[in-house]
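A.B. asks: model this:
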Amino acid sequence: MLNSFSSGQLQAVQSLLRAAIPQPTPKIVDLRFGIDLLFSRFYMVLFVGKDRRRQRRQYLPERVSRFGNAIAAILLLISINLVISLMIFMFAYLVKSALGIDLTPGHLVDQLDRF
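C.D. replies: Numbering: from 1, shown residues only. Predicted coordinates:
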């Protein structure tokens, strides 16, 4: 069947295939990982890069999807902020403990037990 195509038809088919198959583009962030829970396995993929799609996505209820996207983005930013803040706090606490600096009498656990 391939031999029956003329050169113009073959070029048209090749250009159609090039347009139909998406070409991978470099991403600034390409984060992929899986989460194993007792009852199921989940995966998360996060890509950050320039949007090079030719067509705009069609959302049926536009307001609902934009609201949902905004909520998801806010929750993602808050969770990232909490994780980074916890890491900074724990690092500072470990450095303080390693240097022998006592800001309060006793340890943090002792202070929490008082409440």
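
A.B. asks: got the residue ranges for the helices in this protein?
C.D. replies: 7-20, 62-99, 108-114 (DSSP state H).

A.B. asks: may I have the last one exported as CSV, CA atoms only?
C.D. replies: If I follow you right, that is helix 108-114. What follows is helix 108-114, C-alpha atoms only, in CSV (Å, rounded to 0.1, in the frame of the first residue of the first chain):
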residue,chain,number,x,y,z
LEU,A,108,10.6,21.2,73.3
VAL,A,109,8.9,18.0,74.3
ASP,A,110,9.0,19.1,77.9
GLN,A,111,7.4,22.5,77.0
LEU,A,112,4.7,20.8,75.0
ASP,A,113,3.9,18.4,77.9
ARG,A,114,3.2,21.4,80.2
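
A.B. asks: report pLDDT for Gln9.
C.D. replies: With respect to pLDDT, Gln9 scores 88.

A.B. asks: identify the residues contacting the residue positioned nearest the centre of the chain.
C.D. replies: For the chain, the residue nearest the mean C-alpha position is Leu46 (2.8 Å; C-alpha atoms, centre = their mean). Leu46 makes contacts with Val29, Asp30, Leu31, Arg32, as judged by C-beta atoms under 8 Å, 6 or more residues apart in numbering. All C-beta spots, glycine's among them, are computed from the backbone N, C-alpha and C.

A.B. asks: save the helices of the chain as JSON lines, and put in mean neighbour count and distance to Asp51 too.
C.D. replies: Shown next, in JSON lines, are these (neighbours: other C-beta atoms under 10 Å; distance: least, C-beta to C-beta, whole Å):
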{"stretch": "helix 7-20", "mean neighbour count": "10", "distance to Asp51": "17"}
{"stretch": "helix 62-99", "mean neighbour count": "10", "distance to Asp51": "14"}
{"stretch": "helix 108-114", "mean neighbour count": "9", "distance to Asp51": "46"}
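
A.B. asks: from Leu2, how far out is the residue nearest to the centre of the chain?
C.D. replies: 41 Å (C-beta to C-beta, to the nearest Å).

A.B. asks: nice, that's everything, thank you.
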